[in-house]
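Colleague: return atomic coordinates for the entry below.
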Amino acid sequence: MIITFTGAQSTGKSTLLNECREDGRFNDYNFVPEITRNLKKKYNLTINENGDEYTQLFCINSHLENYLSHKDDNVVLDRCSLDALVYTTYQYHTDKVSEWVMEYAANLFESLIDKYDIIFYTEADIDLVDDGERSSSNEFRDTIVKLFEEAIDHYNLKVVRLKGTVEERMVTIYKTLDKINYGK
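Modeller: Residues are numbered from 1 along each chain as shown. Just a heads-up that it's a prediction; the model follows:
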């Protein structure tokens with residue numbers, strides 16, 4: 001089973017992944033951390049509003065690699081091809097990536113989106129936290145949230161929306177897993 005968390009920066013994905021990692025219900029799952037920060041460090045890439053074609057190509061391809069590496073596993077991913085589509089769309093609209101990169105992101109998204117068994121979408125109902133790497137711009141996050149909502153609507157994606165406190169979000173995660181695993 002492939003479970004993924006998706007959503008704008010600073011919406012609690014990594015926090016929820018850590019909660020899941022510590023929970024016994026996920027003992028049989030591998031956890032794959034968010035890729036962007038690792039790519040930033042490894043290749044000295046610019047991210048967030050300042051990303052470019054190289055950033056987006058590395059991110060897009062990392063989602064393909066994550067899928068191919070874990071398609072037969074129980075895995076929890078921090079981000080998925082929807083994230084690559086949304087952030088590439090932002091970069092395309094701000095003239096930082098070319099049309100072929102945008103098309104590549106869209107094509108890969110369309111080929112992978114049905115491969116995820118559960119997509120947890122973290123709502124932007126928590127405050128931005130400046131960690132020195134993520135963008136702390138409310139305007140940027142609001143734009144990314146809008147692009148996520150547009151993509152979810154356009155592709156009629158079945159996402160499980162997570163909102164509220166960490167505890168409230170975890171209850172939604174547990175209920176979703178119970179429904180899939182036990183039909184409850």
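
Colleague: drop to CA atoms for contacts and neighbour counts, all remaining ones
Modeller: Fine.

Colleague: contacting residues for L108?
Modeller: Residues near L108 by CA atoms under 8 Å, 6 or more residues apart in numbering: 60, 64, 81.

Colleague: mind listing what's buried along the helix or strand harbouring T15?
Modeller: Element membership of T15, judged by DSSP states H and E, is helix 13-22. Across helix 13-22, burial judged by 16 or more other CA atoms under 10 Å covers 13-14, 16-17, 20-21.

Colleague: contacts for the very next helix or strand once past that helix?
Modeller: Under the assignment DSSP H and E, the closest C-terminal helix or strand after helix 13-22 is strand 30-32. By CA under 8 Å, 6+ apart, the list of residues contacting strand 30-32 from outside reads 17, 21, 66, 73-78.

Colleague: what do you get if the cut-off is 10 Å, keeping everything else the same?
Modeller: 2-4, 17-18, 20-21, 66, 70, 73-79 (CA atoms under 10 Å, 6 or more residues apart in numbering).

Colleague: list the buried ones in that strand?
Modeller: F31.

Colleague: partners of that strand in the sheet?
Modeller: According to DSSP bridges, strand 30-32 forms sheet pairs with strand 75-78 (parallel).
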